[in-house]
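**Q** sequence plus predicted model, see below.
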Protein chains: 2
Amino acid sequence: MFIEIQSNSSVPIYLQLAQQLVEGIARGELKPGDSLPSVRAFAADLGMNMHTVNKAYHYLEEKEFIQIVAKSGVIIQPNGIPKASDEEKQQLADQIRPLIAEGLVLKLSEEEMVQMLGELVKDIKEEK
Amino acid sequence: MFIEIQSNSSVPIYLQLAQQLVEGIARGELKPGDSLPSVRAFAADLGMNMHTVNKAYHYLEEKEFIQIVAKSGVIIQPNGIPKASDEEKQQLADQIRPLIAEGLVLKLSEEEMVQMLGELVKDIKEEK
DNA sequence: AATGTGTTACACTATACATATAACAAAAGA
DNA sequence: TCTTTTGTTATATGTATAGTGTAACACATT
(Lines give C-alpha, C1' and ligand atoms only; values in the text may rest on other atoms or scores of the structure.)
Protein backbone atom coordinates (compact mmCIF):
# COMPACT_ATOMS: atom_id res chain seq x y z
CA MET A 1 0.00 0.00 0.00
CA PHE A 2 1.80 3.05 -1.25
CA ILE A 3 0.64 6.37 0.12
CA GLU A 4 1.61 9.64 -1.51
CA ILE A 5 0.90 12.85 0.34
CA GLN A 6 1.13 16.21 -1.38
CA SER A 7 1.94 18.76 1.29
CA ASN A 8 1.18 21.68 -1.03
CA SER A 9 -2.36 20.47 -1.73
CA SER A 10 -5.38 22.31 -0.38
CA VAL A 11 -6.79 18.91 0.62
CA PRO A 12 -5.90 18.27 4.29
CA ILE A 13 -3.33 15.50 4.59
CA TYR A 14 -5.53 13.46 6.93
CA LEU A 15 -8.13 13.46 4.14
CA GLN A 16 -5.58 12.57 1.49
CA LEU A 17 -4.54 9.61 3.61
CA ALA A 18 -8.14 8.51 4.18
CA GLN A 19 -8.98 8.83 0.48
CA GLN A 20 -6.01 6.74 -0.55
CA LEU A 21 -6.98 4.06 1.92
CA VAL A 22 -10.46 4.12 0.40
CA GLU A 23 -8.90 3.56 -3.00
CA GLY A 24 -6.96 0.67 -1.55
CA ILE A 25 -10.22 -0.88 -0.39
CA ALA A 26 -11.92 -0.17 -3.72
CA ARG A 27 -9.01 -1.83 -5.52
CA GLY A 28 -9.28 -4.89 -3.28
CA GLU A 29 -5.75 -4.35 -2.07
CA LEU A 30 -7.15 -3.93 1.42
CA LYS A 31 -9.53 -6.77 2.26
CA PRO A 32 -12.03 -7.24 5.08
CA GLY A 33 -10.17 -8.15 8.25
CA ASP A 34 -6.82 -6.83 7.07
CA SER A 35 -5.04 -4.85 9.74
CA LEU A 36 -3.76 -1.34 9.25
CA PRO A 37 -0.54 0.02 10.79
CA SER A 38 -0.70 1.52 14.26
CA VAL A 39 -1.16 5.28 14.38
CA ARG A 40 2.41 5.69 15.59
CA ALA A 41 4.02 3.36 13.06
CA PHE A 42 2.02 4.80 10.16
CA ALA A 43 2.78 8.36 11.21
CA ALA A 44 6.49 7.63 11.41
CA ASP A 45 6.36 5.88 8.04
CA LEU A 46 4.58 8.79 6.37
CA GLY A 47 6.48 11.49 8.19
CA MET A 48 3.43 12.96 9.79
CA ASN A 49 1.97 13.29 13.26
CA MET A 50 0.25 10.50 15.16
CA HIS A 51 -2.89 12.60 15.60
CA THR A 52 -3.17 13.16 11.87
CA VAL A 53 -3.24 9.42 11.17
CA ASN A 54 -5.66 9.02 14.05
CA LYS A 55 -7.95 11.61 12.46
CA ALA A 56 -7.90 9.76 9.15
CA TYR A 57 -8.77 6.53 10.96
CA HIS A 58 -11.73 8.08 12.76
CA TYR A 59 -12.92 9.60 9.50
CA LEU A 60 -13.01 6.09 8.01
CA GLU A 61 -14.54 4.60 11.14
CA GLU A 62 -17.33 7.20 10.91
CA LYS A 63 -18.09 5.83 7.44
CA GLU A 64 -17.84 2.28 8.83
CA PHE A 65 -15.10 1.35 6.38
CA ILE A 66 -12.79 0.26 9.21
CA GLN A 67 -13.05 -0.86 12.80
CA ILE A 68 -10.95 0.67 15.54
CA VAL A 69 -10.49 -1.80 18.38
CA ALA A 70 -9.35 0.23 21.35
CA LYS A 71 -5.93 -0.69 22.69
CA SER A 72 -5.60 -3.38 20.08
CA GLY A 73 -5.49 -2.13 16.51
CA VAL A 74 -7.30 -1.11 13.37
CA ILE A 75 -8.77 -3.44 10.77
CA ILE A 76 -10.74 -3.18 7.57
CA GLN A 77 -14.45 -3.78 8.24
CA PRO A 78 -14.32 -7.56 8.80
CA ASN A 79 -17.91 -8.34 7.83
CA GLY A 80 -17.50 -6.60 4.51
CA ILE A 81 -18.83 -3.17 3.67
CA PRO A 82 -22.57 -3.16 2.91
CA LYS A 83 -24.01 -1.62 -0.23
CA ALA A 84 -24.67 2.11 -0.16
CA SER A 85 -27.80 3.13 1.71
CA ASP A 86 -30.10 5.74 0.21
CA GLU A 87 -28.62 8.28 2.57
CA GLU A 88 -25.08 7.44 1.49
CA LYS A 89 -26.09 7.70 -2.16
CA GLN A 90 -27.63 11.08 -1.48
CA GLN A 91 -24.49 12.27 0.27
CA LEU A 92 -22.39 11.19 -2.69
CA ALA A 93 -24.76 12.91 -5.11
CA ASP A 94 -24.64 16.10 -3.05
CA GLN A 95 -20.86 16.13 -3.24
CA ILE A 96 -20.68 15.37 -6.95
CA ARG A 97 -23.41 17.80 -7.94
CA PRO A 98 -21.36 21.05 -7.96
CA LEU A 99 -18.65 19.31 -9.98
CA ILE A 100 -21.18 18.20 -12.60
CA ALA A 101 -22.56 21.72 -12.77
CA GLU A 102 -19.05 23.04 -13.32
CA GLY A 103 -18.53 20.49 -16.06
CA LEU A 104 -21.71 21.65 -17.76
CA VAL A 105 -20.61 25.28 -17.58
CA LEU A 106 -17.35 24.20 -19.20
CA LYS A 107 -19.46 22.77 -22.01
CA LEU A 108 -18.70 19.14 -21.29
CA SER A 109 -21.40 16.86 -22.66
CA GLU A 110 -23.00 14.17 -20.53
CA GLU A 111 -21.24 11.62 -22.72
CA GLU A 112 -17.85 13.17 -22.02
CA MET A 113 -18.54 13.12 -18.30
CA VAL A 114 -19.63 9.49 -18.46
CA GLN A 115 -16.39 8.73 -20.24
CA MET A 116 -14.42 10.56 -17.57
CA LEU A 117 -16.20 8.50 -14.94
CA GLY A 118 -15.33 5.30 -16.75
CA GLU A 119 -11.67 6.21 -16.96
CA LEU A 120 -11.60 7.03 -13.26
CA VAL A 121 -13.16 3.69 -12.36
CA LYS A 122 -10.65 1.89 -14.55
CA ASP A 123 -7.77 3.88 -13.11
CA ILE A 124 -8.80 3.27 -9.52
CA LYS A 125 -9.23 -0.46 -10.02
CA GLU A 126 -5.84 -0.85 -11.70
CA GLU A 127 -3.11 -2.28 -9.53
CA LYS A 128 -0.20 0.14 -9.75
CA MET B 1 -32.22 33.39 -9.28
CA PHE B 2 -33.06 31.83 -5.98
CA ILE B 3 -30.19 31.21 -3.62
CA GLU B 4 -30.51 28.94 -0.63
CA ILE B 5 -27.76 28.96 1.94
CA GLN B 6 -27.53 26.29 4.61
CA SER B 7 -25.75 27.85 7.56
CA ASN B 8 -25.25 24.49 9.25
CA SER B 9 -23.44 22.99 6.26
CA SER B 10 -19.73 22.22 6.38
CA VAL B 11 -19.48 23.84 2.94
CA PRO B 12 -18.46 27.49 3.42
CA ILE B 13 -21.28 29.84 2.53
CA TYR B 14 -19.19 31.75 0.00
CA LEU B 15 -18.70 28.41 -1.79
CA GLN B 16 -22.39 27.53 -1.58
CA LEU B 17 -23.20 30.87 -3.18
CA ALA B 18 -20.59 30.39 -5.91
CA GLN B 19 -21.79 26.85 -6.64
CA GLN B 20 -25.40 27.96 -6.96
CA LEU B 21 -24.38 30.71 -9.34
CA VAL B 22 -22.53 28.07 -11.36
CA GLU B 23 -25.74 26.05 -11.49
CA GLY B 24 -27.54 29.15 -12.68
CA ILE B 25 -25.06 29.47 -15.52
CA ALA B 26 -25.28 25.77 -16.34
CA ARG B 27 -29.07 26.04 -16.42
CA GLY B 28 -28.89 29.01 -18.79
CA GLU B 29 -30.69 31.17 -16.29
CA LEU B 30 -27.62 33.38 -16.16
CA LYS B 31 -26.49 34.26 -19.67
CA PRO B 32 -23.28 35.84 -20.97
CA GLY B 33 -23.34 39.57 -20.29
CA ASP B 34 -26.00 39.35 -17.56
CA SER B 35 -25.15 41.50 -14.59
CA LEU B 36 -25.03 40.20 -11.03
CA PRO B 37 -26.09 42.15 -7.95
CA SER B 38 -23.55 44.39 -6.27
CA VAL B 39 -21.69 42.86 -3.37
CA ARG B 40 -23.56 45.08 -0.94
CA ALA B 41 -27.02 44.50 -2.39
CA PHE B 42 -26.49 40.74 -2.69
CA ALA B 43 -25.11 40.53 0.82
CA ALA B 44 -28.08 42.41 2.23
CA ASP B 45 -30.46 40.22 0.22
CA LEU B 46 -28.87 37.00 1.43
CA GLY B 47 -28.28 38.17 4.98
CA MET B 48 -24.54 37.77 4.81
CA ASN B 49 -21.50 40.00 4.80
CA MET B 50 -20.26 42.01 1.83
CA HIS B 51 -16.85 40.33 1.99
CA THR B 52 -18.42 36.90 1.75
CA VAL B 53 -20.20 37.76 -1.50
CA ASN B 54 -16.99 39.37 -2.72
CA LYS B 55 -15.13 36.14 -2.00
CA ALA B 56 -17.62 34.14 -4.02
CA TYR B 57 -17.27 36.58 -6.91
CA HIS B 58 -13.49 36.32 -6.92
CA TYR B 59 -13.74 32.54 -6.77
CA LEU B 60 -15.82 32.64 -9.95
CA GLU B 61 -13.56 35.24 -11.55
CA GLU B 62 -10.58 32.96 -10.90
CA LYS B 63 -12.38 30.31 -12.95
CA GLU B 64 -13.20 32.96 -15.59
CA PHE B 65 -16.94 32.34 -15.25
CA ILE B 66 -17.61 36.01 -14.52
CA GLN B 67 -15.92 39.36 -15.07
CA ILE B 68 -15.46 41.86 -12.28
CA VAL B 69 -15.28 45.36 -13.70
CA ALA B 70 -13.75 47.47 -10.98
CA LYS B 71 -15.96 50.31 -9.74
CA SER B 72 -18.68 49.31 -12.13
CA GLY B 73 -20.16 45.89 -11.57
CA VAL B 74 -20.07 42.15 -12.13
CA ILE B 75 -21.26 40.35 -15.24
CA ILE B 76 -21.36 36.80 -16.54
CA GLN B 77 -18.45 36.17 -18.91
CA PRO B 78 -19.71 38.18 -21.91
CA ASN B 79 -17.81 36.30 -24.62
CA GLY B 80 -19.21 33.00 -23.44
CA ILE B 81 -17.30 30.44 -21.41
CA PRO B 82 -14.88 28.37 -23.51
CA LYS B 83 -14.87 24.58 -23.45
CA ALA B 84 -12.89 22.92 -20.68
CA SER B 85 -9.14 22.86 -21.21
CA ASP B 86 -7.19 19.68 -20.51
CA GLU B 87 -6.06 21.22 -17.25
CA GLU B 88 -9.63 22.00 -16.22
CA LYS B 89 -10.72 18.48 -17.11
CA GLN B 90 -7.89 17.12 -15.01
CA GLN B 91 -8.87 19.31 -12.06
CA LEU B 92 -12.44 18.09 -12.29
CA ALA B 93 -11.29 14.48 -12.48
CA ASP B 94 -9.03 14.97 -9.45
CA GLN B 95 -11.98 16.25 -7.45
CA ILE B 96 -14.39 13.55 -8.55
CA ARG B 97 -11.92 10.68 -8.12
CA PRO B 98 -12.22 10.19 -4.33
CA LEU B 99 -16.01 10.23 -4.64
CA ILE B 100 -15.94 7.54 -7.29
CA ALA B 101 -13.62 5.47 -5.12
CA GLU B 102 -16.05 5.82 -2.22
CA GLY B 103 -18.88 4.75 -4.49
CA LEU B 104 -16.95 1.65 -5.47
CA VAL B 105 -16.29 0.79 -1.82
CA LEU B 106 -20.03 1.13 -1.24
CA LYS B 107 -20.49 -1.46 -3.97
CA LEU B 108 -22.08 0.86 -6.49
CA SER B 109 -21.65 -0.42 -10.03
CA GLU B 110 -20.34 1.81 -12.79
CA GLU B 111 -23.82 1.69 -14.31
CA GLU B 112 -25.41 2.94 -11.12
CA MET B 113 -22.93 5.79 -10.97
CA VAL B 114 -23.58 6.69 -14.60
CA GLN B 115 -27.28 6.76 -13.78
CA MET B 116 -26.61 9.01 -10.79
CA LEU B 117 -24.68 11.34 -13.07
CA GLY B 118 -27.53 11.43 -15.54
CA GLU B 119 -30.04 12.30 -12.86
CA LEU B 120 -27.81 15.09 -11.59
CA VAL B 121 -27.46 16.55 -15.07
CA LYS B 122 -31.19 16.40 -15.54
CA ASP B 123 -31.83 17.94 -12.15
CA ILE B 124 -29.39 20.78 -12.67
CA LYS B 125 -30.77 21.66 -16.07
CA GLU B 126 -34.35 21.73 -14.84
CA GLU B 127 -35.86 25.13 -14.30
CA LYS B 128 -37.20 25.15 -10.76
C1' DA C 1 -22.93 66.91 -7.39
C1' DA C 2 -24.58 62.70 -5.56
C1' DT C 3 -24.78 57.89 -5.69
C1' DG C 4 -23.13 53.30 -6.48
C1' DT C 5 -19.30 50.36 -7.53
C1' DG C 6 -15.41 47.18 -6.34
C1' DT C 7 -11.19 47.69 -3.47
C1' DT C 8 -8.50 47.95 0.48
C1' DA C 9 -7.35 48.11 5.31
C1' DC C 10 -8.10 47.13 10.13
C1' DA C 11 -9.96 44.49 13.86
C1' DC C 12 -12.14 40.61 15.91
C1' DT C 13 -14.06 35.85 16.76
C1' DA C 14 -14.37 31.10 15.75
C1' DT C 15 -13.01 26.89 13.79
C1' DA C 16 -9.99 23.58 11.30
C1' DC C 17 -5.48 21.73 10.50
C1' DA C 18 -1.11 20.04 12.04
C1' DT C 19 2.45 19.32 15.22
C1' DA C 20 4.52 18.23 19.81
C1' DT C 21 4.82 16.06 24.22
C1' DA C 22 3.05 13.41 27.81
C1' DA C 23 0.45 10.31 30.40
C1' DC C 24 -3.19 6.59 30.84
C1' DA C 25 -5.26 1.94 30.69
C1' DA C 26 -5.88 -2.22 28.56
C1' DA C 27 -4.52 -5.75 25.10
C1' DA C 28 -0.88 -8.63 23.34
C1' DG C 29 3.39 -10.99 23.39
C1' DA C 30 7.55 -12.81 25.50
C1' DT D 1 4.53 -11.65 35.26
C1' DC D 2 6.73 -8.17 32.86
C1' DT D 3 7.33 -5.46 28.86
C1' DT D 4 5.77 -3.61 24.80
C1' DT D 5 2.19 -1.93 21.95
C1' DT D 6 -2.23 -0.12 21.34
C1' DG D 7 -5.72 3.62 20.91
C1' DT D 8 -7.19 7.44 24.00
C1' DT D 9 -7.00 11.69 26.27
C1' DA D 10 -5.11 16.09 27.62
C1' DT D 11 -2.53 20.33 27.06
C1' DA D 12 -0.13 23.50 24.30
C1' DT D 13 1.43 26.08 20.15
C1' DG D 14 1.23 27.92 15.55
C1' DT D 15 -0.89 28.71 11.12
C1' DA D 16 -4.65 29.25 8.00
C1' DT D 17 -9.46 29.79 6.63
C1' DA D 18 -14.11 31.52 7.33
C1' DG D 19 -17.11 35.12 8.54
C1' DT D 20 -18.47 39.48 10.34
C1' DG D 21 -18.10 44.55 11.15
C1' DT D 22 -16.72 49.18 10.13
C1' DA D 23 -14.57 52.50 7.49
C1' DA D 24 -12.42 54.89 3.91
C1' DC D 25 -10.84 55.28 -1.02
C1' DA D 26 -11.17 56.12 -6.06
C1' DC D 27 -13.54 55.83 -10.02
C1' DA D 28 -18.10 55.18 -12.99
C1' DT D 29 -22.46 56.15 -13.50
C1' DT D 30 -26.45 58.95 -13.20
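**A** It's in.
**Q** rest of the way, CA atoms for contacts and neighbours
**A** OK.
**Q** and the helix ranked longest in chain A with helix B:86-105, angle?
**A** In chain A, assigned by DSSP state H, the helix with the most residues is helix A:86-105. Put simply, helix A:86-105 runs at 170 degrees to helix B:86-105, going by axes from the mean of the first three to the mean of the last three Cα atoms, to 10 degrees.
**Q** look at A:Ala41 and say how many residues are nearby.
**A** Neighbour count of A:Ala41, defined by other Cα atoms under 10 Å in any protein chain shown: 13.
**Q** what's the answer for A:Ala43, then?
**A** 17.
**Q** returning to that earlier point: and the contacts of the longest helix of chain A?
**A** Defining contact as Cα atoms under 8 Å, 6 or more residues apart in numbering or on different chains, one finds that helix A:86-105 is touched by A:113, B:19, B:22-23, B:25-26, B:81, B:84, B:92, B:95-96, B:99, B:103, B:116-117, B:120-121, B:124.
**Q** quick one: secondary structure of the residue lying farthest from the centre of chain A?
**A** Largest separation from the mean C-alpha position in chain A: A:Lys107, at 28.8 Å (Cα atoms, centre = their mean). Secondary structure state of A:Lys107, per DSSP: H, G, I helix; E, B strand; the rest coil, is coil.
**Q** which helix or which strand is home to the closest residue to it other than its chain neighbours?
**A** Nearest non-adjacent residue to A:Lys107, counting by Cα to Cα, 6 or more residues apart in numbering or on different chains: B:Lys83, 5.1 Å away. According to DSSP states H and E, B:Lys83 maps onto no helix or strand at all.
**Q** now do the contacts for B:Lys83.
**A** Taking Cα under 8 Å, 6+ apart, we find B:Lys83 in contact with A:106-108.
**Q** any idea which of these is closest to DNA strand C?
**A** Of all those, DNA strand C sits closest to A:Leu106, with 23.1 Å by Cα to the nearest atom of the strand.
**Q** just checking, that closest one touches B:Ile81?
**A** Yes - at 6.6 Å, A:Leu106 and B:Ile81 qualify as touching, with contact defined as Cα atoms under 8 Å.
**Q** is chain B contacted by stretch A:110-119?
**A** Yes - for stretch A:110-119 and chain B, the contact criterion (Cα under 8 Å from any Cα of the partner chain) is met by A:110, A:114, A:116-118.
**Q** any idea which of the residues you listed has the most stuff around it?
**A** Busiest of those [other Cα under 10 Å] is A:Leu117, holding 20 neighbours.
**Q** which residues are contacting whichever strand or helix holds that one?
**A** Under the criterion of DSSP H and E, A:Leu117 resides in helix A:110-125. Residues from elsewhere that reach helix A:110-125, judged by Cα under 8 Å, 6+ apart: A:23, A:26-27, A:103, B:93, B:97, B:100-101, B:110, B:114, B:117-118, B:121.
**Q** distance to DNA strand C added to these, as a markdown table?
**A** A markdown table is the format used below for these (distance: Cα to the nearest atom of the strand, whole Å):
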| residue | distance to DNA strand C |
| --- | --- |
| A:Glu23 | 18 |
| A:Ala26 | 22 |
| A:Arg27 | 24 |
| A:Gly103 | 25 |
| B:Ala93 | 21 |
| B:Arg97 | 18 |
| B:Ile100 | 20 |
| B:Ala101 | 19 |
| B:Glu110 | 29 |
| B:Val114 | 29 |
| B:Leu117 | 26 |
| B:Gly118 | 30 |
| B:Val121 | 28 |
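**Q** quick one: which two of those are the most distant?
**A** Distances among the contacts of helix A:110-125 were taken as Cα to Cα; the most separated pair is A:Arg27 and B:Val121, at 27.7 Å.
**Q** got the residues of chain A near chain B?
**A** Residues of chain A lying near chain B (Cα under 8 Å from any Cα): A:19, A:22-23, A:25-26, A:81-84, A:92-93, A:95-108, A:110, A:114, A:116-118, A:120-121, A:124.
**Q** mean confidence for stretch A:99-113?
**A** For stretch A:99-113, the mean pLDDT works out to 98.
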